[in-house]
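Visitor: Show me how the following folds:
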Amino acid sequence: MVFGLANGDGARLVARRGAFPYDGVEDLRRRAELPTAALERLAEADALRGLGIDRRQALWAVAGTADTLLPLFAAADARRNLPLPEAEEPAMLLPAMPEGREVVEDYHTMGLSLRRHPVAFLREELRGQRMVSCAELAQVRDGRRVVVAGIVLVRQKPGSAKGVMFLTIEDETG
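Guide: This next block holds a predicted model:
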């Protein structure tokens, strides 16, 4: 579901994993023969968390890779029948991305997030503006005017509705 990841790259990633999990970005790049662009898409989508690194750490690690091996390292790999990293970098401690930013990046790279709903980050401010949640609508008296905020899922403007538009929205409550 990662936007911009070619089906072939995704299939190769799974097929080449076999019974042995990847032990890092370099191992993933070499065994799955993924181009840097594919690794970037995976890192941006936080798909490398299974390697024990978060989105920022993964992007940092991918930035240190290249699509082609330097000839000296390619020859050494062939001689040993074992790939070795081209460079050993000291570990970098990057600040964690705030949860709200993680959600934004999830939507940007996959169109969804399994973290908190985006509206949840705004709920306190929305309450201050007297907006009700979708769950609270069930308790609202008929005919009362309310203001809600959420993500629009569906818009419908039937020809027979005399210019009325129907919206289906969701927030963190439903």
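Visitor: average pLDDT for the helix or strand encompassing Val154?
Guide: Per DSSP states H and E: Val154 is located in strand 151-156. Here strand 151-156 scores 93 as its mean pLDDT.
Visitor: CA-only coordinates of it in CSV, if you can.
Guide: In CSV, the C-alpha atoms belonging to strand 151-156 read as follows (Å, rounded to 0.1, in the frame of the first residue of the first chain):
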residue,chain,number,x,y,z
ILE,A,151,-12.7,14.1,7.5
VAL,A,152,-15.1,14.0,4.6
LEU,A,153,-15.5,10.4,3.4
VAL,A,154,-18.3,10.9,0.9
ARG,A,155,-20.0,13.9,-0.8
GLN,A,156,-23.3,13.4,-2.6
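Visitor: Tell me the strands beside that strand, with direction?
Guide: In the sheet, strand 151-156 lines up against strand 166-170 (antiparallel) (DSSP bridges).
Visitor: quick one: contacts of the strand it pairs with?
Guide: Strand 166-170 has contacts (CB atoms under 8 Å, 6 or more residues apart in numbering) with 117, 134, 148-158. For every residue, glycine as well, the C-beta is placed using N, CA and C.
Visitor: Also stretch 51-65?
Guide: Here stretch 51-65 makes contact (CB under 8 Å, 6+ apart) with 22-26, 28-29, 36, 39-40, 42-44, 46, 48-49, 87, 89, 92, 94-97, 102, 105.
Visitor: hmm, back to that, mind listing residues that contact the strand holding Val154?
Guide: 118-119, 165-171.
Visitor: Turn those into a markdown table, including neighbour count.
Guide: Converted to a markdown table, those look like this (neighbours: other CB atoms under 10 Å):
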| residue | neighbour count |
| --- | --- |
| Pro118 | 17 |
| Val119 | 20 |
| Met165 | 9 |
| Phe166 | 10 |
| Leu167 | 12 |
| Thr168 | 11 |
| Ile169 | 15 |
| Glu170 | 13 |
| Asp171 | 22 |
